[in-house]
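>>> my questions are about this predicted structure, shown below with the sequence.
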Amino acid sequence: MLVIIAIMVFVRSRAVRDPEQIAERLHGLIRVEMPASFQPYSHTRVFGVESLSFWDMEHVREDGRTTNLFALYRENDWRELTLAELEAEIESDMEKRLARNEFHTRSTAVVELDIEGRIHRVFRFMGVAQVEQDRFEATSCFMILDTPEGLVRVQTLGLNREFDLEKQLALLATIRPLKP
């Protein structure tokens, strides 16, 4: 138990909260037209895993957490995978990941998104999110992009009343990956 606590403290101590540094890192991988309400929240790079998150600051819960987010993940291990292999790996595991965050999937689908003439597969998950004592209809999407530093997973998550599928797809459609 002490080891787990030590790892958690170490990871949290490595988190960058400076909005300018987080935005700069994001723009080193992709360009995206972020909605004004989405602000840089955290950047962590530890044990070969990197994550960037942007929180919707218009919809913050009483405990200070948001109900809507945009995130980007990159792992060193992904360098040996093709885009199709990584999509398959993450798709098979995503429902479990979402369930750990109190998101219960009801349906899944793959949506094609044209970004600068190239078709990208967006994996869509619709279901119910548990927020404190209440349950709300929610949507999460992810897509894999090739960047100068390898493959990254871009993910959105939100309550349908605030950040529904259309808004998530519109945000994802603004992404412009930098050329590898």
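All right, it came through fine.
>>> can you pull out the helices in this protein?
Along the chain, counting by DSSP state H, helices occupy 2-13, 19-27, 83-100, 165-173.
>>> residues touching the third one, excluding its own?
The list of residues contacting helix 83-100 from outside it, by C-beta atoms under 8 Å, 6 or more residues apart in numbering, reads 78, 81, 104-105, 108, 121, 123, 125, 127, 140, 142, 144, 146, 151, 153. C-beta: built from backbone N, CA, C; applies to glycine.
>>> Produce a ChimeraX select command limited to the buried residues of those.
Of the contacts of helix 83-100, the buried ones can be selected in ChimeraX as follows, counting by 16 or more other C-beta atoms under 10 Å:
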select :78,81,105,123,125,127,140,142,144,151,153
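>>> among the contacts of helix 83-100, which are in strands?
In strands, defined here by DSSP state E, the members of those are 104-105, 108, 121, 123, 125, 127, 140, 142, 144, 146, 151, 153.
>>> wait, which of these is closest to residue 21?
In terms of C-beta to C-beta, no member of the ones in strands among the contacts of helix 83-100 lies closer to residue 21 than residue 153, at 20.8 Å.
>>> in the contacts of helix 83-100, find the pair that's most separated.
Considering C-beta to C-beta, no two members of these lie farther apart than 104 and 146, which are separated by 31.5 Å.
>>> coming back round to it: in the ones in strands among the contacts of helix 83-100, which has the lowest confidence score?
Least confident entry in these, by pLDDT: residue 146, with 91.
>>> list the beta-bridge partners for it.
residue 151 (DSSP bridges).
>>> does it really touch residue 177, like I thought?
Yes: under the contact definition of C-beta atoms under 8 Å, residue 146 touches residue 177, with a separation of 6.3 Å.
>>> point out where the protein drops to low pLDDT.
Residues of the chain meeting the criterion pLDDT under 70: 1-14, 180.
>>> residue 177: what's its closest spatial neighbour, skipping adjacent residues?
Spatial nearest neighbour of residue 177, chain neighbours left out: residue 145 (4.6 Å); criterion: C-beta to C-beta, 6 or more residues apart in numbering.
>>> for residue 19, same thing?
Here the nearest residue to residue 19 in space, its sequence neighbours aside, is residue 40; by C-beta to C-beta, 6+ apart that works out to 4.1 Å.
>>> for that neighbour, name its beta-bridge partners.
Beta-bridge pairing of residue 40, defined through DSSP bridges, involves residue 54.
>>> so what's residue 155 up against?
For residue 155, the contacting residues are 70-73, 140-142, taking C-beta under 8 Å, 6+ apart as the criterion.
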